[in-house]
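*Asks:* model this:
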Amino acid sequence: KTYSDQGQAIMRGKVGDQELNREFPFAVAFERPNLLHLTAYEGEVISDGQTIFSLYDEIPGYAVEAAAPPQLTPADVYADDFVRYMLLEREVGGALQLSLLLSDRIVDQLIASTTAPPTLLSPAKIDDRTCDRVQLTVPEGKMTIWIDQQNLAMRRVEYPIDSLRSHLEQEGKVSDLAVVAEFRDLQINGKIDPQVFKLPSPESVKLVKQFVGPAPPKQLGKKTPDFEFTTLSGEKVSSQSLAGKVVVIDFWATWCQPCLQSMPYLAKVQEKFQGNDKIEFLAVNIENDTVTAETIKAALEKLAPNMPIVRDLDQYAFKAFGIDGIPTTFVIDSEGAVQDI
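*Replies:* Here you go, the predicted structure:
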């Protein structure tokens, strides 16, 4: 009936000579069917059963409002595009405990993303609670979920780090990297103060229909630096070989659920322009060479069967295009200038 925790995500490691030490809230209070208070990264989503309010620290004094459905789904929680990006498409993704509460499909989706059967590790303790540990092998590394033997609650998640490591290595050698979510003060079927599900200080908050994203990216209107991708068969595709064409580049990864969810829509657009030799679509996979070409191809086999796939093995996504998250799509005109992101 109810669930609450004081979750926190922790990122530790060393980049060059700099210590990496980041912590951010990752907490959920939920009462079925539609009362919620999610605090993640720099934002909050609150549902009082009638209205869903979305707030973000860097836009103080404003909240997006939307009608609350009789039963919450993840789509309701992350309905606003800006909020979805800031709370879902980040260092460790969305709050996994909330996904487990709201969706019966999340376990199937996790299993579908693996590259090997799940492994049951030896039990281990968090404080006085003995936990089973399930390890999933996903394209960007190992993910370990700690499950309380007594109440089957998720107590900890150790996240895969390969993709984050690749991103951080642009700034220096990465060592001792770890990303962990801890779900502290966890209660199932405990009593939750009704005020938790109320918008704090509503008289000082202006309600709006949506948040508009940040200022236009600096790459807009500018020519892209030189880049070179590799097809799954080993051929090169470069800014020079694409010169004179309109190019649609979609950066993605096999582990990125939002990428896989959006890919069929991009495929529909690509199908409309098939046969037009002035337009080129590229699904650019950003994963390193530990992920096989067969794995990459299989990920899009049903979602976008005709989409040309290339690999970004030299990290042009970060070095040339300056992306900070995926999926990110660029539209480049025939002069080589970025017209949309």
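*Asks:* for the host helix or strand of Val331, packing partners?
*Replies:* Following DSSP states H and E, one finds Val331 within strand 328-332. Packed against strand 328-332 by the contact rule (3 or more Cβ pairs under 8 Å, 6 or more residues apart in numbering; DSSP states H and E) you find strand 246-252, strand 338-340. Just so you know, the C-beta spots here come from the backbone N, C-alpha and C atoms, and that holds for glycine as well.
*Asks:* partners of that strand, with directions?
*Replies:* strand 246-252 (antiparallel), strand 338-340 (antiparallel) (DSSP bridges).
*Asks:* who touches the first one?
*Replies:* The reference is to strand 246-252. Identification of contacts with strand 246-252 by Cβ atoms under 8 Å, 6 or more residues apart in numbering yields 259-260, 263, 266, 269-270, 278-286, 312, 317, 321, 323, 326-334.
*Asks:* outside of whichever helix or strand comes after that strand, which residues touch it?
*Replies:* Using DSSP H and E, the helix or strand that follows strand 246-252 towards the C-terminus is helix 257-272. Contacts to helix 257-272, defined as Cβ under 8 Å, 6+ apart, come from residues 88-89, 93, 109, 113, 248, 250, 252-254, 281, 283, 299-300, 303-307, 326-327, 329.
*Asks:* what are the ranges of the strands in the stretch 51-200 of the chain?
*Replies:* Ranges of strands in the stretch 51-200 of the chain, per DSSP state E, counting those that start in this stretch, are 51-56, 62-67, 119-126, 129-138, 141-148, 154-158, 174-188.
*Asks:* I'd like the ones you listed laid out as TSV, including mean pLDDT.
*Replies:* Conversion of the strands of the stretch 51-200 of the chain to TSV gives the following (pLDDT from 0 to 100):
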stretch	mean pLDDT
strand 51-56	95
strand 62-67	95
strand 119-126	97
strand 129-138	95
strand 141-148	95
strand 154-158	96
strand 174-188	93
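*Asks:* give me the helix or strand of the protein that scores worst on average pLDDT.
*Replies:* helix 162-168 (a mean of 75; mean pLDDT, DSSP states H and E).
*Asks:* great, nothing more from me.
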